[in-house]
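Asker: after the sequence you'll find the predicted model.
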Amino acid sequence: MNILFTCGGTAGHINPAVALARLFQLRDPDCKVLFVGADGGMETRLVPKEGYDIRTVTITNFRRSFTPAAIGHNVKTVINMGRSKGQANRILKEFKPDLVVGTGGYASYPIVNAAAAKGIPTAVHESNAVPGLTTKALSKVVDQVMVGFEESRSHYDDPDKVVVTGTPVRGDFFQYTRKEAREKLGITDDRPVVVSVWGSLGASVMNRQIVDFIALECKAGEPFHHIHGAGRDFANIQKTLPKLGIDLKDHPSIDVREYIYDMPLVMAAADLVLCRAGASTISELTAIAKPAVLVPSPNVAADHQTKNARVIAEAGGAVLLPEKDSSGQKLYEIASDLLTHKEKRDAMGAALRHMAVPDASEKIYKTLLGLLKK
């Protein structure tokens, strides 16, 4: 069996494809897997690290504005669509897939569209609550659409083609209980744990707010444990805190790291998470039922992080705080209130558990097997 996965752009598109590839090869060691992404995309770095081959197509996105630069970019995209069609057909001819699965990102379009035209079984999976342009376009030609949330079904023209599968989450996120995680992190008292992270690279605006947040918790006598992943702003935070009279050596409950490499462990220990609202993050929070304050990035296509966050917030699983309304003071006030009132966090956790789709990888696996049998 040959399975082709196509994805790109963000970890939220890449991680589900990798999880599915592993599951297929676990169940059938003879299964051959190939990934296809965009030239120079994040997937060309992440996928090989997971041990999979990847081919690329020349494809770019569309910009939703009418500036001269955007118009020029979009003309280039139209040209690239023609080039990518030929590249996609060559890849399909050489690999001869029995199934083609797109998990998001504009790199998915030429491959999935070409496969559908050839009668190869096709499917797309959308991790975001509201589909992007690529998924929406492909939903018209594929055999099956798989989504992370029940609320997503209404965004498609043919809801009967849509199946709610959830989004695969790495198994190590379920490895620890809260008690075990706290012990491994050396937390010996009963104070709650807040984790803050603004994406793997960080976000300068939000990291500046976290500096103010840390100053407030230091002034209050460290009412909770705090683990923060600063990303590329780590050095700046190290320089800024002493200017405010804060030496973290005097505040052992505050742990500022460049990266949180042991994220599953840290998330298991968390009582509250302050974070963005990308697809991977939302899937992880929902799967492990962790209450959150979501500050969506305003710098993403179609504002999809706000749409993700709104679905979770309206269900009662998180607080949605737009970046324009956020500040260190505001974040601290919201976090302090939630960390002080366990009953509020418990209600949020219950809402997340109600939203979660258990065994997402297994549901997707069975759905895709069903396509192969047809």
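Answerer: Thanks, I have the structure now.

Asker: ok, longest strand in the chain?
Answerer: Assignment by DSSP state E gives strand 32-38 as the longest strand of the chain.

Asker: tell me which other helices or strands that strand touches.
Answerer: strand 2-6, helix 11-27, helix 43-49, strand 54-57, helix 68-95 (3 or more C-beta pairs under 8 Å, 6 or more residues apart in numbering; DSSP states H and E). In this view, the C-beta of every residue, glycine as well, is placed from N, C-alpha and C.

Asker: any idea which of the ones you listed has the lowest pLDDT on average?
Answerer: For the helices and strands packed on strand 32-38, mean pLDDT drops lowest on helix 68-95, to a mean of 82.

Asker: hmm, residue 113 and residue 81 touching each other?
Answerer: No. Contact between residue 81 and residue 113 fails when scored by C-beta atoms under 8 Å: they sit 9.7 Å apart.

Asker: which one of those two has more residues nearby?
Answerer: A side-by-side neighbour count of residue 81 and residue 113, using other C-beta atoms under 10 Å, places residue 113 first with 22 against 18.

Asker: ok, which stretches of this protein are strands?
Answerer: With DSSP E as the criterion, the chain has strands at 2-6, 32-38, 54-57, 99-102, 122-126, 144-147, 162-164, 193-197, 225-229, 254-257, 272-275, 292-294, 318-320.

Asker: mean neighbour count and distance to residue 266 for the ones you listed - can I get that in JSON lines?
Answerer: Converted to JSON lines, the strands of the chain look like this (neighbours: other C-beta atoms under 10 Å; distance: least, C-beta to C-beta, whole Å):
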{"stretch": "strand 2-6", "mean neighbour count": "24", "distance to residue 266": "29"}
{"stretch": "strand 32-38", "mean neighbour count": "24", "distance to residue 266": "29"}
{"stretch": "strand 54-57", "mean neighbour count": "21", "distance to residue 266": "30"}
{"stretch": "strand 99-102", "mean neighbour count": "28", "distance to residue 266": "31"}
{"stretch": "strand 122-126", "mean neighbour count": "27", "distance to residue 266": "27"}
{"stretch": "strand 144-147", "mean neighbour count": "25", "distance to residue 266": "28"}
{"stretch": "strand 162-164", "mean neighbour count": "18", "distance to residue 266": "29"}
{"stretch": "strand 193-197", "mean neighbour count": "25", "distance to residue 266": "6"}
{"stretch": "strand 225-229", "mean neighbour count": "24", "distance to residue 266": "6"}
{"stretch": "strand 254-257", "mean neighbour count": "18", "distance to residue 266": "9"}
{"stretch": "strand 272-275", "mean neighbour count": "25", "distance to residue 266": "9"}
{"stretch": "strand 292-294", "mean neighbour count": "25", "distance to residue 266": "14"}
{"stretch": "strand 318-320", "mean neighbour count": "23", "distance to residue 266": "18"}
